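Colleague: Return a 3D structure for these sequence lines:
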Amino acid sequence: MGQAIGGLFGGRDKVNDLADAVLDRHRLLDQFLERNGLLDAEITALPVDCSFRRYFRTERNGMHRIVMDAPPSLEDVEPFIKISVLLNRLGFSAPRVLATDVLNGFLLLDDFGDTTFTRALSEGYDEFALYCLANDVLSDLHCRPVDEIASSIPTYTDTKLLDEAVRFVDWYLVEGLQLPITSQARDDYLEAWQYCLPVVREAPDSLVLRDYHVDNLMVCDGIKGVAACGLLDFQDAVIGPMSYDLVSLLQDSRRDIHQNLVDDMLDRYFGAMGRTLDRAAYMRSYFVLGAQRALKVLGVFTRQSLKFGNHRHLAHIPRLWCHTLSNLSIPELTPVRNWIGRHVPEDKRLTPDTRNRSGINVPG
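Modeller: The predicted structure is shown next:
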């Protein structure tokens, strides 16, 4: 068994290095807990998603806290600290940072509990009410002057958007489906997106949380207004088109949302934003970013499966294709639609069979 594991991970020495790294993180975690009077607390590991961060719940004398463990070589905790302070200053509910060890990548945070919007929906909470609350958070945020929130926050550049969009080619098509996409075809894909991206700027700029969907929203009982919605996973926030988070919410990669509810939420959003917002221009941006995001996530979910053995998100591939094709129907996305039609015909729009190919030796 030891020899087989050694071969998989590149030799016995590498296995030992990995074990040492894990033990070192445990030691550093214990030191962080001790400095914050939590070494004797009950510790529970929380589920992880598509990042290198780990989370633990501590309980001591009836007091609950969350510890974020973000290895500094893989994650930077400072953006989380900065955005948390900003969101709380603006009156939203983000976990406050109670203690830090930036050098080693540990944060002590407020604990918002376990009731994500996803769990609430599964337990019979009112879907319309939850989406109204999530929608109102965005309209409240988007009504703020961008100058009030833009200081030292990176911008969502076209370069970043292109880097994300090409994950569809590099991971979903080439690594996942193993389609023969040439370097010239890849360049043509990027050129098609470069032609389409100016449309996203037709929506005004605001703070973009970037992963705004029901898995990352929390029910905060006993709080009124937009603060009743707890916000998670915002460390990658940027200044960019405000349409991004709305399409992230209403074209959820992980759950189906009835079109009637989508229409109601769009009407509610534009009603709150007022007549000065050009709805037609905004919606063009919404659909272009919806296509960019869906294609990006096709690549992200494939990479998670291949590189880390995290296969559960592959179940969402058909839904992502539905979002993609719906968004690509607008004329502003004709170049990308034509590229998809040439290189990914309908019979190739599949869920990658990656389960026997996953492992740490996958490049990228």
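
Colleague: rest of the way, CA atoms for contacts and neighbours
Modeller: Noted.

Colleague: Dihedrals phi and psi, the residue lying closest to residue 156 once chain neighbours are set aside?
Modeller: Nearest non-adjacent residue to residue 156, counting by Cα to Cα, 6 or more residues apart in numbering: residue 240, 5.0 Å away. When read as degrees, to the nearest 10, the backbone of residue 240 gives phi -170, psi -170.

Colleague: State the distance from residue 240 to residue 311.
Modeller: Remark: distance between residue 240 and residue 311 (Cα to Cα, to the nearest Å) = 31 Å.

Colleague: Could you check which of those two has the larger neighbour count?
Modeller: residue 240 (24 against 18; other Cα atoms under 10 Å).

Colleague: is it true that that one touches residue 208?
Modeller: Yes: assessed by Cα atoms under 8 Å, residue 240 is found in contact with residue 208 at 6.0 Å.

Colleague: Bridge partners for the residue nearest to residue 156, pull those for me.
Modeller: Beta-bridge partners recorded for residue 240 (DSSP bridges): residue 206.

Colleague: With residue 293 as the reference, measure out to it.
Modeller: For residue 240, the distance to residue 293 - Cα to Cα - is 14 Å.

Colleague: Might you report the residue contacts of residue 247?
Modeller: When contacts are counted by Cα atoms under 8 Å, 6 or more residues apart in numbering, residue 247 is found next to 286-287, 289-290.

Colleague: Which ones among these map onto helices?
Modeller: Within the contacts of residue 247, residues falling in helices by DSSP state H are 286-287, 289-290.

Colleague: got CSV for the residues you listed, with pLDDT, distance to residue 302 and neighbour count too?
Modeller: Below are the ones in helices among the contacts of residue 247 laid out as CSV (pLDDT from 0 to 100; distance: Cα to Cα, whole Å; neighbours: other Cα atoms under 10 Å):
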residue, pLDDT, distance to residue 302, neighbour count
286, 98, 24, 25
287, 98, 23, 26
289, 98, 20, 26
290, 98, 18, 27
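
Colleague: So which of these is the closest to residue 198?
Modeller: Nearest to residue 198 among these, counting by Cα to Cα, is residue 289 at 10.8 Å.

Colleague: Could you list which residues are in contact with the closest one?
Modeller: Per Cα under 8 Å, 6+ apart, neighbours of residue 289: 200, 243-244, 247.

Colleague: can we see that at 10 Å?
Modeller: Going by Cα atoms under 10 Å, 6 or more residues apart in numbering, residue 289 touches 161, 165, 196-197, 199-200, 241, 243-248, 283, 295, 327.

Colleague: Out of these, name the ones that lie in helices.
Modeller: 161, 165, 196, 243-248, 283, 295, 327.

Colleague: between those residues, which is closest to residue 121?
Modeller: Comparing these against residue 121 with Cα to Cα places residue 248 closest, at 17.4 Å.

Colleague: What score does the closest residue in space to residue 348 that isn't next to it in sequence have for pLDDT?
Modeller: Distances taken as Cα to Cα, 6+ apart put residue 177 closest to residue 348, at 8.0 Å, once the chain neighbours are dropped. On pLDDT, residue 177 comes in at 96.

Colleague: Correct me if wrong: residue 177 contacts residue 352.
Modeller: Yes: with contacts counted by Cα atoms under 10 Å, residue 177 reaches residue 352, the gap being 5.4 Å.

Colleague: Quickly list what's touching both of the two.
Modeller: With Cα under 10 Å, 6+ apart, residue 177 and residue 352 have common neighbours residue 302.

Colleague: Name the residues that touch stretch 327-344?
Modeller: Here stretch 327-344 has contacts from 173, 179-181, 185-186, 188-199, 284-292, 294, 321-322, 324-325, 345-346, 349-350, using Cα under 10 Å, 6+ apart.

Colleague: Would you state the helices of the stretch 151-300 of the chain in chain order?
Modeller: 158-165, 167, 183-196, 243-250, 259-273, 279-308 (DSSP state H, counting those that start in this stretch).

Colleague: In the longest one, which residues are buried?
Modeller: This points to helix 279-308. Of all the residues in helix 279-308, those buried under the rule 16 or more other Cα atoms under 10 Å are 279, 282-307.

Colleague: re the thing from before, now list whatever residues contact both of residue 240 and residue 208.
Modeller: Joint contacts of residue 240 and residue 208 (Cα under 10 Å, 6+ apart) are 155-156.

Colleague: rewinding a little: quick check on the contacts of stretch 327-344: which are buried?
Modeller: Buried members of these, counted by 16+ other Cα under 10 Å: 173, 189-190, 192-194, 196-197, 199, 284-292, 294, 321, 324.

Colleague: quick one: residue 94 from residue 294, how far?
Modeller: 26 Å.

Colleague: likewise residue 314?
Modeller: 13 Å.

Colleague: returning to that earlier point: and the residue nearest to residue 348, how many neighbours?
Modeller: Neighbour count for residue 177, taken as other Cα under 10 Å: 18.
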